[in-house]
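J.: next input, structure requested:
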Amino acid sequence: MPKYVTIFGRKIPIKLCTKEQLDLIFKDAAGIWDPTTRTIYIDKNAPKKTQLYWLYHEMGHATKTFVGLDQILPAELQEIICQSYATLIEDVLSQKGIFK
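T.: I've put the predicted structure just below:
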């Protein structure tokens, strides 16, 4: 897991947390994009492949924040789009032999 990712030129920290720590930020989430702190939080006890998938999903949320789409898209649609991003990234990396 990287310590940070760069999205639109912004260095975004990635913090691995316990499920209990995540629940304090947002109940029942295994990955969280916090637009206030501009940090991505991921459940550290999940398998590595799952952590990476959630990271890709949360990166989708971050991109929406930076371009303002989070202000106009319904939450349900944002989740579908972010899930699509995560699956696309996973598929591309799998085809390159990177994500196994």
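J.: ok, Leu16 - contacts?
T.: Residues touching Leu16, when contacts are defined by C-beta atoms under 8 Å, 6 or more residues apart in numbering, comprise Met1, Tyr41, Ile42, Asp43, Lys44, Gln51. Just so you know, the C-beta spots here come from the backbone N, C-alpha and C atoms, and that holds for glycine as well.
J.: 7 Å - rerun?
T.: Under the criterion of C-beta atoms under 7 Å, 6 or more residues apart in numbering, the neighbours of Leu16 are Met1, Ile42, Lys44.
J.: now do the helices in the chain.
T.: Per DSSP state H, the chain has helices spanning 19-25, 48-67, 75-95. These are given in chain order.
J.: before we move on, back to that, filter the contacts of Leu16 to the buried ones?
T.: In those, burial by neighbour count holds for Ile42, counting by 16 or more other C-beta atoms under 10 Å.
J.: and which of the contacts of Leu16 is nearest Gln21?
T.: Taking C-beta to C-beta as the measure, Lys44 is the one of the contacts of Leu16 closest to Gln21, at 8.8 Å.
J.: pretty sure that closest one contacts Lys15?
T.: No - the pair formed by Lys44 and Lys15 falls short of the contact definition of C-beta atoms under 7 Å, at 8.8 Å.
J.: thank you kindly, that will do.
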